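K.L.:
following is a predicted model, sequence given first.
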Amino acid sequence: MTSSITATDILRDAFGRVAEDLPALLAGLDAETLLWRPDPEANSIGWLAWHLTRVQDDHLAGVGQVEQVWPTQGFAQAFGLPYAVGSIGYGHTSADVAAFTVTDVDLLCRYHAAVHDLTLRVLDGLDAGGDTAYARVVDERWDPPVTAAVRLVSVVGDTTAHVGQIGYLRGMAERREAGLS
């Protein structure tokens, strides 16, 4: 007997890959490397890790119609960033990125792990919601309005792109530290 693969299965796998890759990419990084920017207009590894997690937190909470992890589990206070609590990094300027000073890899990883748990709960709720759950409109500010399926695919694209950027920046930083660039 063959089991069928659902949209939820695919999304769980995609988000699971980010949840596995991010801690490995951050492991062992010192403060200088976390905040290093190869150019004054570039993002740092730390900011990218925070941003991809904030986007996932914000958007998955919206899809699931639940509270975000950031303000409700104390992460906004623990990070102590100079941004509005609702900020997810979208539209941040170079100065905003430079204002990111968090160098605690464990804190970044714990926040992402908590958001991943939220993500799995939201996906389970969609799976239980039947065939129409993914077709539900979650954002009417766009034309056409954004469905849960479209929002989730967007978040997968965003988070995986940022994980790739983190990997690239880590490689650049390691080459720089080794005197190869």
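P.N.:
Structure's in. What do you need?
K.L.:
the strands in this structure, which residues?
P.N.:
Assigned by DSSP state E, the chain shows strands spanning 137-139, 146-147.
K.L.:
who are the packing partners of the shortest one?
P.N.:
Secondary structure elements in contact with strand 146-147, counted by 3 or more C-beta pairs under 8 Å, 6 or more residues apart in numbering; DSSP states H and E, are strand 137-139. The way it works is simple: take the backbone N, C-alpha and C, and place the C-beta from them, glycine included.
K.L.:
shaky segments in the protein?
P.N.:
Applying pLDDT under 70 to the chain picks out residues 1-2, 181.
K.L.:
can you pull out the helices in it?
P.N.:
Here the chain has its helices, by DSSP state H, at 7-26, 31-35, 45-64, 69-72, 75-79, 94-98, 105-128, 148-177.
K.L.:
can I get those in JSON lines with mean neighbour count and distance to A135?
P.N.:
Compiled in JSON lines, the helices of the chain are given as follows (neighbours: other C-beta atoms under 10 Å; distance: least, C-beta to C-beta, whole Å):
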{"stretch": "helix 7-26", "mean neighbour count": "17", "distance to A135": "11"}
{"stretch": "helix 31-35", "mean neighbour count": "17", "distance to A135": "40"}
{"stretch": "helix 45-64", "mean neighbour count": "24", "distance to A135": "12"}
{"stretch": "helix 69-72", "mean neighbour count": "20", "distance to A135": "26"}
{"stretch": "helix 75-79", "mean neighbour count": "17", "distance to A135": "31"}
{"stretch": "helix 94-98", "mean neighbour count": "14", "distance to A135": "35"}
{"stretch": "helix 105-128", "mean neighbour count": "19", "distance to A135": "10"}
{"stretch": "helix 148-177", "mean neighbour count": "17", "distance to A135": "7"}
